[in-house]
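Student: sequence unavailable; structure follows:
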């Protein structure tokens, strides 16, 4: 996606997770965290934390005031991870689930008063790409 911030976390030389930050509406000042995934072998090792921090840092640097995401209602581990990082339920119904009745949970994090505006970096190698270029964030 044009303007996206695509990340791959690496643990012991192997891809361990990924996430993307996508600018959604510059006028409203928010970015969406999408396609977050952490390898089952890497869960509990801080990979998800690093990916969230890096997307939040990138979003704040580009002037976003809010970082938003959607999570499946039964994904309690992911919801707990997001909540630890300051995401709260927006109260807005998320996308409709395949069953036609349930909805994803829509969460958001305020970036205006967040520590993400600091220069804190990830403790894992995070490989980023935009427009086919890649770099490593340490």
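Tutor: That came through fine. Everything numeric in this text was worked out from a predicted model, so none of it was measured.

Student: quick check: which ranges of the protein have low pLDDT?
Tutor: Flagging of the chain using pLDDT under 70 yields the residue ranges 26-27, 114-138.

Student: which strand in it has the most residues?
Tutor: strand 14-25 (DSSP state E).

Student: pull the residues that contact it.
Tutor: 1, 3-10, 30-39, 41-42, 45, 47-48, 50-52, 54-55, 58-59, 62, 64, 67-68, 124 (CB atoms under 8 Å, 6 or more residues apart in numbering). C-beta here means a position set from N, CA and C on the backbone, and glycine is covered the same way.

Student: go ahead and build a ChimeraX selection from the buried members of the residues you listed.
Tutor: If you want just the buried ones from the contacts of strand 14-25 in ChimeraX, going by 16 or more other CB atoms under 10 Å, the selection is:
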select :4,5,6,7,8,9,10,30,31,32,33,34,36,38,42,45,47,48,50,51,52,54,55,58,59,64,67,68,124
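
Student: ok, residue 44 to residue 25 distance?
Tutor: Remark: distance between residue 44 and residue 25 (CB to CB, to the nearest Å) = 34 Å.

Student: neighbours of residue 109, how many?
Tutor: Counted with other CB atoms under 10 Å, the neighbours of residue 109 add up to 21.
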